[in-house]
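Peer 1: predicted model and sequence below, questions to follow.
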Amino acid sequence: MSELPKAFDHKDVDARWYSFWESIGAFTAHPESGKPVFSMVLPPPNVTGSLHMGHALNHTLPDILARWKRMQGYDVLWLPGTDHAGIATQNVVEKQLAQAKQTRHDLGREAFEARVWDWVKISHETITGQMRKLGESVDWSRERFTLDPGLSRAVRREFVSLYREGLIYRDKYIVNWCPRCRTALSDLEVQHKDTDGKLYYVKYAGVGGGAGVVVATTRPETMLGDTAVAVNPDDERYRHLAGTRVRLPVIGRELPIITDSFVDPAFGTGAVKVTPGHDPNDFAMGKRHSLPSVAVIDEDGRMTKEAGPYAGLDRFKARKALVEQLQQDGLIEKIADHKHAVGHCDRCGTVVEPLVSTQWFVKIGPLAAEAIRAVEDGRVVFLPDNWTKTYFEWMTNIHDWCISRQLWWGHRIPAWYCDACGQTVVSEDDPTTCACGGALRQDTDVLDTWFSSGLWPFSTMGWPDETPDLQRYYPTTLLLTGFDIIFFWVARMIMLGLKFAGDVPFHTVYITGLVRDERGQKMSKSKGNVVDPLSVMDDIGADALRFTLSAMASPGMDIPLSEGRMTGYRQFINKIWNASRFLLMNIGELPERPALPPVKDLHLIHRWLLSGVSRLALEVNDALTTYRFDQASDRLYHFFWHEFADWYIEFVKVDLQQPGPVRDAAVAVLVEVYDRLMRLLHPFIPFITEEIWQKLPRRTGDGNTVSLSAFPTAVTEWSDLDAERDVAYLQQVVSTIRTVRSERSVPPSRKITAIIDETDAHARAVLEQYAPYVRLLSGLETLELRGDVAASPDTVARVLEHAHIFVPLAGIVDRRGEIEKLEKELAGLAREAGGLEQKLANAGFVERAPAAVVEEARARVVQLAERRHKLQAQLADLGAP
RNA sequence: GGGCGGUUAGCUCAGCGGUAGAGCACCGGCUUUACACGCCGGCUGUCACAGGUUCGAACCCUGUACCGCCCA
């Protein structure tokens, strides 16, 4: 047993247990078990590469819950899987091709898709490998991928049903277009960034005696597509111009001046150009006023032939060239600096171009209304609660969802067009011919990736079939995810779950913060501050990483992953390892679990420990019930290290040195408590706890893994406030003597004498009975209990509540130091007493504060006075003036 | 422009009505046979600022400043 290495080597331990758990099916859900259900789906990571720290957090926290619930006897389903992540994955592969100077068009659609599948395989291996390394207790037998045949069938069912209900339509509309990805994007896939730009004031000459007007624009190149100029109807400055016409520079087109209350008179000159083809607001205005729409920028971001002399130029080059021309022509009145939000492609960062094109949309209003109601009436609860507001905000201002993407990677849109009769056929099964007999060709576009992941909580369980899993595990208990995908994913799951699965997809949504770097900055490859979970795990082990994330997961807060905290928790794991070594060295070879003697027969120290462990179990369960991973971790950390290891282990060394019943009782308590501690810690740090638990003598009826053992609960009979008070007293005595030693630089190897004058009978009895423990922990040769100590300059004296502690240290007492110390303490006491007396003299306090608080203050004043007297007496003994 | 969060020890963070805590860092002492990834002891804070509520505020309210995020 004693051959455990001195330092914990996670590499040696971690790898063994995961495959063991998998081999015994420890994480498999059992629908037939009859146990209560706890179910979650894992937010499926994108198959774009590997997992980052954010994943590590959002996988660790639910794993803690899954393991905890499993140990509590629940039938836990934690369903894993991955997301094909349309545009994101396609971009990754396109980048790889680009390195070989190829594009997807060089390969063709089929070969490109094959290429992506190759990549998916690699990425999937990486991700699932990382998940195993992190110890995630997911049910691999139910793993899914969003492009699995079953899930693809679900997507078709979804599309066709919504289409038949009129909730999916195809329309020509202005959409966000990424000229680099060459696809439409949804509103959510556009990142608005504040950008320093210019505001150009351009003169439009009047036509037929009209006065003309100066318009202000941030994007002069789009003026080539103007079809009107608009002013606010209430704007006195322009009232006379309404109905007149101006001439568009360069192109020469005549534009009407219209009035529309959307125009902000305070922006620029108060007159704006209207470009329905390249601005969403102008598009809407164009609809209102039946204006034509002219496209001057194409899908590659180049100027079209409508742009006259600029045709073929890149849009930004065209801007520059056009501005130069306008300046030459004297048509630029001025150019001002102007900060404004510019939309960028979420995936590649290219400036998005609003374009009019034909796309598929989901009519979102009716779906959103239901989803809002579900949160309003509490069927779905957001934690922390403030996210509810964010959700409502977005849901009530929601726009129709553009779901078609001009990509090759994803679910192909199940719509076919007949060239012969112009029919559109939307169908779950591939149709062969049109009703008219004409040939059909399928829409070449694919669906937004979130159109499929929105079904995740039920498509993974077999929907649209009524499977046993679906019946049992849907709705899921909880979803845990980052706030960055509340709109993308959470809201859509709620809408689609209500629509198709007939119920909310989860009862609780726990929203985590983002994992940031030590300075609170978002981790990003370009900043080079990415901390890779794999290398951290290599370095400090999965358990230490998990514990760090858990301890830092305060609700609603981002997590700056601090090196210092990680180090601290790595050391905690090592501490557990070494405490385990101590335990295993000392309990010896036990054929079976020793029976725990009745608590009343155990001495104070044991009773104190059992009381603490019982309370700890209560606290950990409470904390996890409210998702306070940080509190649970803190309690475990503190109890294990600073109560169990620092004090109990030191106390119990006394017992272990005495063969016979004293030692046997100590061993029994040690094993019992350690078993509980391993169980309590297991959800947080599964690897080391399994390793150690396996080495503990088994209790009859124990299974073969701690991961399926019973999670500890509070034990009422163990609660013992008297023991807690008495041990706290012993600790105070020990600490006092230790402090004296430290102040006087008495090395631990030098055994000394302490004399305690204890006036409280109970305390004296405790001290008497447990003197050996105090001696060992304080490094005492002898401990005397008597009240006749004469003041001596060679004796350090310390004051406790109702005791004096004397430590004779002949020749090394520093009188001046002692006097200073006493005076400092007296000053502190005087300050505290002064504050309290002032408080008590305040009639308001005495009358209005709770009686207990007032009582406490009074008692404290008495206590302080007593202590002051003792200290003053000591000062006198030292001969202070 | 609207909304959310933050501002507490040198650093990273807890605490959220009864005069401040953890880890790391720092200082001093220790080869105390589980652990130097350790043990013992110690130092460190006008809890951003200004008002207000309260017997009492880091904690509740109002405002200001700065930092960060989301939405438009």
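Peer 2: On my side now, so go ahead.
Peer 1: can you tell me which residues in the stretch 251-400 of chain A are near RNA strand B?
Peer 2: Contacts of the stretch 251-400 of chain A with RNA strand B, taken as C-beta under 7 Å from any atom of the strand, map to A:A341, A:N386, A:K389, A:T390, A:E393, A:W394, A:N397. Glycine gets a C-beta too; all of them are placed from N, C-alpha and C.
Peer 1: the fourth one belongs to a helix, doesn't it?
Peer 2: Translated: A:T390. Yes: assessed by DSSP: H, G, I helix; E, B strand; the rest coil, A:T390 belongs to a helix.
Peer 1: need the max-distance pair from the residues of the stretch 251-400 of chain A next to RNA strand B.
Peer 2: Using C-beta to C-beta, the two most remote members of those are A:A341 and A:N386, lying 24.4 Å apart.
Peer 1: quick one on the thing from earlier: just the ones in strands from the residues of the stretch 251-400 of chain A next to RNA strand B, please.
Peer 2: A:A341 (DSSP state E).
Peer 1: how long is stretch A:806-826 end to end?
Peer 2: Length of stretch A:806-826, first residue to last, C-alpha to C-alpha, to the nearest Å: 19 Å.
Peer 1: pull the longest strand from chain A.
Peer 2: strand A:190-207.
Peer 1: which helices and strands sit right next to it?
Peer 2: strand A:213-217, strand A:245-247, helix A:315-328, strand A:332-345 (3 or more C-beta pairs under 8 Å, 6 or more residues apart in numbering; DSSP states H and E).
Peer 1: let's have the ones you listed in CSV, adding mean pLDDT.
Peer 2: Listed next are those as CSV, based on pLDDT from 0 to 100:
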stretch, mean pLDDT
strand A:213-217, 86
strand A:245-247, 86
helix A:315-328, 88
strand A:332-345, 84
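Peer 1: closest one to A:T689 among the ones you listed?
Peer 2: strand A:332-345 (45.5 Å).
Peer 1: close to RNA strand B: what parts of the stretch 451-600 of chain A are there?
Peer 2: Counting by C-beta under 7 Å from any atom of the strand, the residues of the stretch 451-600 of chain A near RNA strand B are A:484, A:487, A:516, A:518-520, A:522, A:552, A:554, A:556-558, A:560, A:562, A:564-565, A:567-571, A:573-575, A:578-579, A:581-582, A:585.
Peer 1: how about the stretch 101-250 of chain A?
Peer 2: So the stretch 101-250 of chain A meets RNA strand B at A:D187, A:L188, A:Q191, A:H192, A:D194 (C-beta under 7 Å from any atom of the strand).
Peer 1: can you lay out the helices and strands packed on strand A:190-207 as a markdown table showing mean neighbour count?
Peer 2: Output for these, formatted as a markdown table (neighbours: other C-beta atoms under 10 Å):
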| stretch | mean neighbour count |
| --- | --- |
| strand A:213-217 | 21 |
| strand A:245-247 | 20 |
| helix A:315-328 | 16 |
| strand A:332-345 | 15 |
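Peer 1: what pLDDT is listed against A:K525?
Peer 2: A:K525 carries a pLDDT value of 66.
Peer 1: and what of A:A645?
Peer 2: So, for A:A645, pLDDT stands at 91.
Peer 1: how would you label the closest residue to it other than its chain neighbours: helix, strand or coil?
Peer 2: The shortest distance from A:A645 to any non-neighbouring residue, by C-beta to C-beta, 6 or more residues apart in numbering, is to A:A579 (5.2 Å). In three-state terms, and counting by three-state DSSP, A:A579 is helix.
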